[in-house]
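Peer 1: Give me a model of this one.
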Amino acid sequence: MREELEGAFERALDAIAHDNAFAQLEILQHAARPRKGSIALSVTIDRPGGADLVLCERVAARISASLESVPVPYELNVESAGLDRQLTKRNDYERFAGMRARIVTSLLVDGAKTHRGVLRGLRGENVVLDVGTRELPLPIATIKSANLEFDPRADLRREKQRRKGVHGRNGN
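Peer 2: Residues are numbered from 1 along each chain as shown. Got it, this is the predicted structure:
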């Protein structure tokens, strides 16, 4: 029975990934785990501009509809990747170039395992991180985890500059 639920879950996710109604949706992670008499299903999603509550609800409704015929109790959690989205694919390092990131390596690189800075993309087999005074190449093979880092101060500065620009053009 559990295998039947997991198979239906996988098929539902595949259908969502190929459905134009969910264009640009990215399924970052998914899992099915046993939990006290039921199965815990979890899905992490993202899309350009972020995944809001409405999108999470649409994905959950679509998955639930696909699982109606499977007589196995389950709990479903669909969540947004959030502001500190994990970087899991090579393409992520290019896609999010220019954004702040935290990268943890399995080996010491430049005397540390945790590195923070602005992503500059890929160069060969290295993720390039601008650490302020220079660019630091981090071998992809050594990356243990990586995620974006949201900087609320930078967000506030951008908003302040935007408002200043709007008022400046209007002569206020």
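
Peer 1: what about residue 88, which SS state?
Peer 2: coil (DSSP: H, G, I helix; E, B strand; the rest coil).

Peer 1: neighbours around it, how many?
Peer 2: 15 (other CB atoms under 10 Å). For the C-beta atoms, the positions are set from N, CA and C on the backbone; glycine is no exception.

Peer 1: Next up, the contacts around the closest residue to it other than its chain neighbours.
Peer 2: Of all residues not flanking residue 88 in the chain, residue 28 sits nearest, at 6.5 Å (CB to CB, 6 or more residues apart in numbering). Residue 28 makes contact with 44, 45, 46, 81, 85, 86, 88 under the criterion CB atoms under 8 Å, 6 or more residues apart in numbering.

Peer 1: what about the strands in this structure?
Peer 2: All strands of the chain, identified by DSSP state E, fall at 26-35, 38-46, 74-80, 100-109, 112-123, 126-130, 135-139, 143-148.

Peer 1: The residue nearest to residue 88 and residue 51, how far apart?
Peer 2: 10 Å (CB to CB, to the nearest Å).

Peer 1: before we move on, back to that, a markdown table please, covering the strands of the chain and showing distance to residue 7 and mean pLDDT.
Peer 2: Compiled in a markdown table, the strands of the chain are given as follows (distance: least, CB to CB, whole Å; pLDDT from 0 to 100):
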| stretch | distance to residue 7 | mean pLDDT |
| --- | --- | --- |
| strand 26-35 | 10 | 93 |
| strand 38-46 | 12 | 95 |
| strand 74-80 | 13 | 96 |
| strand 100-109 | 34 | 95 |
| strand 112-123 | 35 | 95 |
| strand 126-130 | 35 | 96 |
| strand 135-139 | 37 | 96 |
| strand 143-148 | 30 | 96 |
